[in-house]
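> dropping the sequence and predicted coords here.
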Amino acid sequence: MKKSGRTRAETIAAEWGLRLAGVVAALILSALVLLVLGVSPFRVAWIILSAAFGSPSGISGVLSLWMPLLLCAAGLLFTFSAGMWNIGIEGQIAIGAVVATGTILLLRDVLPPAAVLPLAALGGMLGGALWALLVGLLRLYGNVNEIFGGLGLNFLADGLILYLVKGPWGQPGRSATSGMEPFPPALWLPALPSWSIGPWQVPALNVSPIELLLGLMAIVAVALALRGTHFGLRLKAIGKNLRSAFLLGVSTTRHLLVSFALCGALAGLAGWMLVVGPNTRHQLLPQISSGIGFLAILVVLLVSLNAWWALPVTFFFAAIAKGSSLRPTMELGLDSAVGGVIQGLLVLFILLAQGLQNRFLQREGG
Amino acid sequence: MKVELLDIHKHFGPVRANDGISLCVEPGTIHALLGENGAGKSTLMKVLSGFFSADRGTILLDGRPVSMDSPSQAIACGVGMLHQDPLDFPALSVLDNYLLGSPGRFFPDRGRGRRALLSLAAQFDFHLHPEARVAALSIGERQQLEILRLLWLGVQVLILDEPTTAISAQQKEKLFAALRQLAAQGRTVIFVSHKLAEVEELCQRVTVLSHGRVAGEAAIPCATEHLVRMMFGQEIAQSKRPPTPLGEVVLELDRLTVSDWRLEVKDLSLQVRAGEVIGLAGLEGSGQRLVLQACAGLRRPQAGRISLGGRDFTGRPYSRFLDAGVAYMPAGRLEEGLIPGMTLTEHVALASRSRAFLVDWKAAGQTTAERIRQYNIVGTPASPVESLSGGNQQRTLLGLLPPYLQVLLMEHPTRGLDIESTEYIWQQLQQRTQQGTAILFASADLDELLDRSDRLLVFFAGRVKELDARTTSVQQLGEWIGGKGFDG
């Protein structure tokens, strides 16, 4: 085998150079799109940033989008490591929200909120895990590709929510889109109160410390599991070469199912957050995930399985999504889809950079 | 159409698949291309049919140089190839497959295609229903369809790559009749095979390839020994391995039947004793892999029993076989054995099958360093396996095996390795047999088979014949592998 002429450091530099070029190209193209629309890109950038970070409510919005996104990205790191495309994550979020809501409806009159909310979280995780397991079982025993199985189950989950909020859990005489009757504040996660560090007064934020804790813990746990445990090592082996991993004695079936279940559990937890978080509509509603799962898939694609990078990237994505959906952006005559355009271009260009890298940098070794 | 190949070179990385091959095939003849696996036959034919482009060399058709960069160009020049595994579309109908690749308008003329198909089929006494789904056809019928399709496209030179591997005796007769008919019509037929008997039965001339070069040419009939000598090289002295004391029976096959979609090994009974080495001879795809995989617990037998150390293991999962001290080393090192993208240390940690939760990276790194020393691997614990040379990958696979094994099953343990690596690997393996490990290995290297084995199993199209390695000559083994002596 011919040795590559580059040293490792040079290869890494070339990789990051290409990635950076991808980001720059995406930003330039985004700017061009905005110029065509007749607005100044700098102005839009400033508005998005100030909408996202200029006020406590903006920051609250970003943070309460960031956490479920982070949970989903953490879960997807498991399935992606194992080489599985868990497109079904949207449905797993939805079912998590459904089971969490059901648990609350069932127990709210029996148990105090401090017991109902954690039980609802467990219920949501269980629901998401089972829904994801279904994808895994279909894949392993039914020979249904996980992409199609997941997509199908996404539609099913959507349908189930629609049925529930229109039917058994709905408010008579109201349209489905308004959902069920919102839960009272007692059944919301507590928000961060105002506090001070020395001379600085940190304003109250409409996001719960429990959300922040769960999201950050999840990503740390996943990063450590992938790096330091036999389970993580085996998942990566399966993802890189299933046949070899099997021959080396890895129980591939069990590991694949567990990776699906773990991803589903974290997605289910995100679904629970979307129902009980302080900054939500406090109810089950159709399209409750609003694409968070898909966004998380893009994130995991971008960070190419490096768990730590998921942290800043999800934050950045949450900021763009939130910043572009708030009022000032609308006032410019732009739609909130601008955020989606920027995100999409970023992902495309960074993936393009990775594709080029595979094509030109690694080929030489062969 | 006269086919001339002049000084064809085709390299895949360091592998010289075709190393200056020249070949001339007269029109109206059936010309055999004979050689071991890996001799370069398929590569040469893929060059001729536009599947690969040669690194160097010239192709002349009727004396005119042509350049063919794709199969469709080759077909336009009149050269068509029937591949070893059918390259058709099982989900489509016979007629759809037939029409595929036909030049013409946007909407295929199905009526005309159907009439052409039926009349061509009748000419060769093939029975193909135009509306049948190809998935429901036998391999032989799929071949017939492909031949008809190529003929309809106007092919003058028909290449067949190992066409008889997976078809019945009757279908073979029909195929041979059709090929003779085509040659009589003035078409050129190139018949790629490793089966001596078929070559002698069907062809007028034969070119033997060996290690990417032409080893010789002959008109048929000619002496079988002559062909065997060209195929496998000069005869070498008999084996001189000292007898190893054998222990208890560790592996027993009792009337075992295993099969895949193209091949069946039936009623194989075998007792393997501790320390014994059994070589599985035969051309690739004759059933060796089926038997090895059944012994490893990777393939469920259709009938019969597999026992390890006197305990019945039939139908148990692969992991139980691993626990019982069985290991399987497949042929494709990077496809099914190692994991590209992972380092040596990661492989060691993975292969340890540890029950711990956390990986002890320090211990794994130390073990890896030890194995690197012990097995003479050129690499570091942090080297990704794909950066290692083939020989070092093979040593790595050996290094990943548990220290003590009951049964070691291997495919081509030294394929592509230089003499030094080969010798080293066999030293390691012989140490294991001294500890009582029984070894079953498949190989295409006759000398290796004769020198290293106690007993030989020769596979030919799923049938198995047992030979004593000590009393068999290269010549005899070569003839067995070519199917001489297997009746029918």
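That came through fine.
> for whatever residue of the stretch 51-200 of chain B ends up closest to chain A, which non-adjacent residue is closest in space?
Residue nearest to chain A within the stretch 51-200 of chain B (C-beta to the nearest C-beta): B:Ala91, separated by 14.7 Å. Quick note: C-beta positions are derived from backbone N, CA and C, even for glycine. The spatially closest residue to B:Ala91, leaving aside those adjacent along the chain, is B:Ala135, at 6.4 Å (C-beta to C-beta, 6 or more residues apart in numbering or on different chains).
> could I have stretch A:255-271 exported to PDB, CA atoms only?
What follows is stretch A:255-271 as a C-alpha-only set of coordinates in PDB (Å, rounded to 0.1, in the frame of the first residue of the first chain):
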ATOM      1  CA  HIS A 255     -26.300  -3.600  20.100                       C
ATOM      2  CA  LEU A 256     -28.300  -2.100  17.200                       C
ATOM      3  CA  LEU A 257     -31.500  -2.500  19.100                       C
ATOM      4  CA  VAL A 258     -30.100  -0.900  22.200                       C
ATOM      5  CA  SER A 259     -28.800   2.000  20.200                       C
ATOM      6  CA  PHE A 260     -32.200   2.600  18.800                       C
ATOM      7  CA  ALA A 261     -33.800   2.300  22.200                       C
ATOM      8  CA  LEU A 262     -31.400   4.800  23.700                       C
ATOM      9  CA  CYS A 263     -31.900   7.300  20.900                       C
ATOM     10  CA  GLY A 264     -35.700   6.900  21.200                       C
ATOM     11  CA  ALA A 265     -35.500   7.400  25.000                       C
ATOM     12  CA  LEU A 266     -33.600  10.700  24.600                       C
ATOM     13  CA  ALA A 267     -36.000  11.800  21.900                       C
ATOM     14  CA  GLY A 268     -38.900  10.900  24.100                       C
ATOM     15  CA  LEU A 269     -37.400  13.000  26.900                       C
ATOM     16  CA  ALA A 270     -37.200  15.800  24.400                       C
ATOM     17  CA  GLY A 271     -40.900  15.300  23.700                       C
END
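> return the distance of that stretch from the chain's centre.
The chain centroid and the centroid of stretch A:255-271 are separated by 12 Å, computed with C-alpha atoms, centre = their mean, to the nearest Å.
> can it be found next to chain B?
No - for stretch A:255-271, no contact with chain B is found by C-beta under 8 Å from any C-beta of the partner chain; the gap never falls below 11.6 Å.
> tell me how far the residue of the stretch 51-200 of chain B closest to chain A lies from B:Arg133.
According to C-beta to C-beta, to the nearest Å, B:Ala91 stands 7 Å off from B:Arg133.
> which one's more surrounded, those two?
For the pair B:Ala91 and B:Arg133, the greater number of neighbours falls to B:Arg133 (15 against 10), based on other C-beta atoms under 10 Å in any protein chain shown.
> what residues does the stretch 251-400 of chain B put near chain A?
For the stretch 251-400 of chain B, the residues in contact with chain A under the definition C-beta under 8 Å from any C-beta are B:298, B:318-319, B:322, B:328, B:330, B:335-342, B:346-347, B:349-351, B:353-354, B:356-359, B:361, B:386-390, B:400.
> can you list the buried residues in the lowest-mean-pLDDT helix or strand in chain B?
Lowest mean confidence among the helices and strands of chain B (mean pLDDT, DSSP states H and E): helix B:224-232, at a mean of 81. The neighbour-count criterion (16 or more other C-beta atoms under 10 Å in any protein chain shown) identifies B:224, B:227-232 as the buried residues of helix B:224-232.
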